[in-house]
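1. quick one, structure for this:
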Amino acid sequence: MSLILGNKVLAPSIHEFVVEALEIARKAEPGQFVVLRINEKGERIPLTIADYDRRGGTVTIVFQEVGKTTGQLGRLKAGDKITNLIGPLGKPSPLIEGGTVVCIGGGIGIAPIYPIAAALKDRGNRVIAISGA
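-> Purely as a prediction, here's the structure:
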């Protein structure tokens with residue numbers, strides 16, 4: 001079980017969760033995702049890791065309530081637990097060094113760009129962000 005440490009409403013039906021996930025946070029790379037299941041009978045849903053804190057042992061996910069499962073997820077509060085959280089999954093985003101990069105996202109797709117842009121900046125790149133809303 002994974003403890004929800006924070007549930008912040010970013011906009012109507014859009015949430016940011018900070019979840020305790022020591023092993024996932026320790027291994028996460030920009031561009032990867034987790035799969036979660038709210039309870040034993042719930043469906044498994046993939047969500048991109050929007051941020052991670054290796055020292056704090058947390059991952060941040062951002063999602064929009066669009067169906068039954070994300071609606072149920074949005075009703076959870078800090079202190080509640082998610083039954084299953086697995087990850088990190090998927091291939092990390094490729095990261096270049098010493099160039100100029102453009103990161104583009106729109107709507108809910110802006111959230112996963114943050115760890116990618118931060119990692120690119122850490123590698124000495126000039127990062128330009130374009131976001132649609």
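
2. and stretch 23-36, how far from the chain's centre?
-> 8 Å (C-alpha atoms, centre = their mean, to the nearest Å).

3. what residues of it count as buried?
-> For stretch 23-36, the neighbour count (16 or more other C-beta atoms under 10 Å) marks 24-25, 28-34, 36 as buried. The way it works is simple: take the backbone N, C-alpha and C, and place the C-beta from them, glycine included.

4. ends of that stretch, how far apart?
-> 15 Å (C-alpha to C-alpha, to the nearest Å).

5. return the set of buried residues in stretch 83-99.
-> Under the neighbour-count criterion of 16+ other C-beta under 10 Å, stretch 83-99 has 85-88, 93 buried.

6. okay, and which of those map to helices?
-> Nothing among these maps onto helices, per DSSP state H.

7. including pLDDT and distance to Ala119, could those residues go into CSV?
-> Formatted as CSV, these follow (pLDDT from 0 to 100; distance: C-beta to C-beta, whole Å):
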residue, pLDDT, distance to Ala119
Leu85, 96, 22
Ile86, 96, 22
Gly87, 94, 17
Pro88, 96, 14
Ser93, 90, 8
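
8. next, Thr70: secondary structure please.
-> helix (DSSP: H, G, I helix; E, B strand; the rest coil).

9. so Lys121: helix, strand or coil?
-> In three-state terms, and counting by three-state DSSP, Lys121 is helix.
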